[in-house]
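K.L.:
generate a structure from the sequence data that follows.
(chains A and B)
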Amino acid sequence: GQSLEQPSEVTAVEGAIVQINCTYQTSGFYGLSWYQQHDGGAPTFLSYNALDGLEETGRFSSFLSRSDSYGYLLLQELQMKDSASYFCAVKRDNYGQNFVFGPGTRLSVLP
Amino acid sequence: KAGVTQTPRYLIKTRGQQVTLSCSPISGHRSVSWYQQTPGQGLQFLFEYFSETQRNKGNFPGRFSGRQFSNSRSEMNVSTLELGDSALYLCASSFGQVAFFGQGTRLTVV
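P.N.:
Numbers count the residues shown, from 1 in each chain, chains lettered A, B, ... in the order given. Okay, here's the model as predicted:
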């Protein structure tokens, strides 16, 4: 089967650092992506890891360990606007746009 | 570049009816995918079209179908609507490893 697991909710205060974990079990793995979705909005791309290690993009970093079927999204210097749902997604084939998404993590940033 | 455009944004239909949703991808993107988003099931992959051909298909019944035109615009159709089809339907076009999503069509079946 195809399954991804994420915590359902995370709460943190402005300026803090938060890590959102994702474990996956899928047939076919060609990379792990992270998307952000604000209420009423469309998912927007944050990062993509095809190989093991850390990718850094501004305040956001993403990590992948293929041997552990595990990845995480790290958000630093949290801002109120970071309050949103975050989804990890596994790309299941090399040529297509065939993603399986995790259930999402609702991040609440408190003042 | 304009983003992914989905029409209509909101739709109310009655059980048993059919519905057609439209998606215009970002110019130059040839891959278009459709997802269903519900609070209980999350984001679920419906199907993907590339160069007018269905390239991948998720685990949805045959009532869900789609097509893609030569200009890469795509439509999805749901026939014999059920209450459980109420959801946000998202279209995404891709370039490389990134999927760009539209704002979605909120379908309510009553």
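K.L.:
enumerate the residues of chain B near chain A.
P.N.:
B:4, B:31, B:33, B:35, B:42-45, B:48, B:50, B:55-56, B:90, B:92, B:94, B:97-104 (C-beta under 8 Å from any C-beta of the partner chain). Backbone N, C-alpha and C define where each C-beta goes, glycine included.
K.L.:
residue A:90 contacts residue A:100, doesn't it?
P.N.:
Yes - with contact defined as C-beta atoms under 8 Å, residue A:90 reaches residue A:100; the gap is 5.2 Å.
K.L.:
which neighbours do these two share?
P.N.:
When contacts are counted by C-beta atoms under 8 Å, 6 or more residues apart in numbering or on different chains, residue A:90 and residue A:100 are jointly contacted by A:2, A:4, A:26.
K.L.:
ok, now which ones touch the second one?
P.N.:
For residue A:4, the contacting residues are A:22, A:23, A:24, A:25, A:26, A:88, A:89, A:90, A:100, A:101, A:102, A:103, taking C-beta under 8 Å, 6+ apart as the criterion.
K.L.:
show me where the chain has strands.
P.N.:
Answering for chain A, as no chain was given. A:3-5, A:9-13, A:18-25, A:32-37, A:44-49, A:53-57, A:60-65, A:70-75, A:84-91, A:99-101, A:105-110 (DSSP state E).
K.L.:
actually chain B
P.N.:
B:5-7, B:10-13, B:19-24, B:31-38, B:42-50, B:53-57, B:64-68, B:74-78, B:87-95, B:98-101, B:105-109.
K.L.:
residue A:51 is nearest to which of those?
P.N.:
strand B:98-101 (16.5 Å; C-beta to C-beta).
K.L.:
residues contacting residue A:69?
P.N.:
A:23, A:24, A:25.
K.L.:
sketch out the low-pLDDT regions of chain B for me.
P.N.:
B:1 (pLDDT under 70).
K.L.:
tell me which residue is most central in it.
P.N.:
With distances taken as C-alpha atoms, centre = their mean, residue B:34 lies nearest the centre of chain B, 3.6 Å away.
K.L.:
that older thread, got the strands of chain A as a markdown table, with distance to residue B:11 columns?
P.N.:
Shown next, in a markdown table, are these (distance: least, C-beta to C-beta, whole Å):
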| stretch | distance to residue B:11 |
| --- | --- |
| strand A:3-5 | 29 |
| strand A:9-13 | 30 |
| strand A:18-25 | 32 |
| strand A:32-37 | 20 |
| strand A:44-49 | 23 |
| strand A:53-57 | 36 |
| strand A:60-65 | 34 |
| strand A:70-75 | 33 |
| strand A:84-91 | 23 |
| strand A:99-101 | 23 |
| strand A:105-110 | 26 |
